[in-house]
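Participant: fold the following.
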Amino acid sequence: MSDDRATERARIQRLARKLGIRPEKSMGQNFLIDRSVIDRTIEVAGIDATDEVLEIGPGLGVLTSELRERARELVVVELDHELADHLRREFGNADSIRIVEGDGRHISLPALGLGPETKVVANLPYSVGTVIVRRLLEAEPRPASLTVMLQREVAERMVAGPPESSLLSLAMHLFAAPEIAFTVPPDAFWPEPKVESAVIHLAVRAEPLVAEPARSALFRLAGAAFRAKRKTLANSLATALKVKKPDMSTILVESGIDPMARPQHVGPPQWMALVARCEADGILDV
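Facilitator: Sure, this is the predicted structure:
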């Protein structure tokens, strides 16, 4: 561990003891002690003095202090009551920051007084990170971008494409252009998690690739396929749509999809083409 990390870890530990806070594993409380990670995260997010920023799960406020200095407005959402009290004492008098005690899984931008120009920057708890990201992407309005730290394995699943696609990566690509900015080792935190982390940047699309109600139909279709992901698409979708396998094979071929493929081999354009074809044939309600 570098001298800078050791010094910051000691500072964070002293602060936690002073506040009577013991990191809760169930809440994913791993406090960042590497300030270079904070600088890189803010750089990836592209934060400047014109931005309004939403931070979720700020913990002891290490990232918060830097965001407050660089953003025009900062809204911070913290679930833990003791940590929220600490943040109010630390930052509560600043005009440019609002501390909100709440659950990041249930927030909405309008309820926080924020709009679609908001940039989300956060070190998200591992246990609920995926839920929070999907909540923000599927709500109206959506933020302009998300730059968040997650478990590396989860981040890799979010950005994956064929032949490793999933329902999660499909959702990410429909709503945003996701990319992993950099990885973060366990010793960048106190206490150290057992896994590596990664900062992922999602540039949110002005409009999703598929509008409602076709988007819901797409997820119904893809969901049926992924629930039987060891089966070929010809088999799983013939069962799900109640059509004969030869007819399903023809529909898949005409949608640009190999009938023998598994769902993890199919990308968003092919799912979109398949939904349009199934709708035209009257075998999928949209």
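Participant: who are the contact partners of the residue nearest to residue 263 when sequence neighbours are not counted?
Facilitator: In this structure, residue 263 finds its nearest non-sequential neighbour in residue 225, 3.9 Å apart by Cβ to Cβ, 6 or more residues apart in numbering. Every residue, glycine included, has its C-beta placed from N, CA and C. Residues near residue 225 by Cβ atoms under 8 Å, 6 or more residues apart in numbering: 233, 236-237, 240, 263, 266.
Participant: is residue 225 within a helix or a strand, and which one?
Facilitator: Per DSSP states H and E: residue 225 is located in helix 214-227.
Participant: can you pull the buried residues of that helix?
Facilitator: 214-215, 217-219, 221-222, 224-226 (16 or more other Cβ atoms under 10 Å).
Participant: same check, this time on stretch 144-164
Facilitator: 144-152, 154-160.
Participant: just the terminal-to-terminal distance for it.
Facilitator: End-to-end span of stretch 144-164 (Cα to Cα, to the nearest Å): 27 Å.
Participant: start the count at 195 instead of 1 going forward.
Facilitator: All right, first residue 195 from here; so that's stretch 338-358.
Participant: quick one, longest helix in this structure?
Facilitator: helix 197-213 (DSSP state H).
Participant: what packs against that one?
Facilitator: helix 229-239, helix 275-285, strand 383-384 (3 or more Cβ pairs under 8 Å, 6 or more residues apart in numbering; DSSP states H and E).
Participant: what's the most buried one of those?
Facilitator: Burial of these is given as mean neighbour count (mean count of other Cβ atoms under 10 Å); strand 383-384 ranks first at a mean of 22.
Participant: name the helices or strands packed onto that strand?
Facilitator: Against strand 383-384 (3+ Cβ pairs under 8 Å, 6+ apart) you get helix 197-213, strand 225-226.
Participant: to residue 316, which of the ones you listed lies closest?
Facilitator: strand 225-226 (11.1 Å; Cβ to Cβ).
Participant: give the other helices and strands that the closest one contacts.
Facilitator: helix 256-264, strand 383-384.
Participant: give me the subset of the buried residues of stretch 338-358 lying in helices.
Facilitator: Filtering the buried residues of stretch 338-358 for helices - DSSP H - leaves 346, 348-353.
Participant: reformat the residues you listed as JSON lines; add pLDDT and distance to residue 450.
Facilitator: Listed next are these as JSON lines, based on pLDDT from 0 to 100; distance: Cβ to Cβ, whole Å:
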{"residue": "346", "pLDDT": "97", "distance to residue 450": "32"}
{"residue": "348", "pLDDT": "96", "distance to residue 450": "29"}
{"residue": "349", "pLDDT": "97", "distance to residue 450": "29"}
{"residue": "350", "pLDDT": "97", "distance to residue 450": "26"}
{"residue": "351", "pLDDT": "97", "distance to residue 450": "24"}
{"residue": "352", "pLDDT": "97", "distance to residue 450": "24"}
{"residue": "353", "pLDDT": "97", "distance to residue 450": "22"}
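Participant: now, among these, which is nearest to residue 225?
Facilitator: residue 346 (18.1 Å).
Participant: mind listing what the closest one touches?
Facilitator: Per Cβ under 8 Å, 6+ apart, neighbours of residue 346: 377-378, 389-392.
Participant: also residue 234?
Facilitator: Residue 234 touches 375-376, 393, counting by Cβ under 8 Å, 6+ apart.
Participant: from those, list the buried ones, please.
Facilitator: Applying 16+ other Cβ under 10 Å to the contacts of residue 234 flags 375, 393 as buried.
Participant: ok, of the contacts of residue 234, which one's closest to residue 293?
Facilitator: For the contacts of residue 234, the nearest to residue 293 is residue 393 (23.5 Å; Cβ to Cβ).
Participant: so residue 380 sits right up against residue 388, yeah?
Facilitator: Yes: shown here, residue 380 and residue 388 form a contact pair, counting by Cβ atoms under 8 Å, at 7.0 Å.
Participant: show me the chain divided up by domain.
Facilitator: If you go by automatic domain parsing, the domain ranges for the chain are 197-398, 408-474.
Participant: where among those is average confidence lowest?
Facilitator: Looking at the domains of the chain, the lowest mean pLDDT belongs to domain 197-398 (a mean of 92).
Participant: now do the end-to-end distance for that domain.
Facilitator: 38 Å.
Participant: do the same with stretch 238-245
Facilitator: 14 Å.
Participant: could you pull out the buried residues of that stretch?
Facilitator: 238-239, 241, 245.
Participant: dump the residues you listed to TSV, plus distance to residue 251.
Facilitator: Shown next, in TSV, are those (distance: Cβ to Cβ, whole Å):
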residue	distance to residue 251
238	18
239	15
241	17
245	19
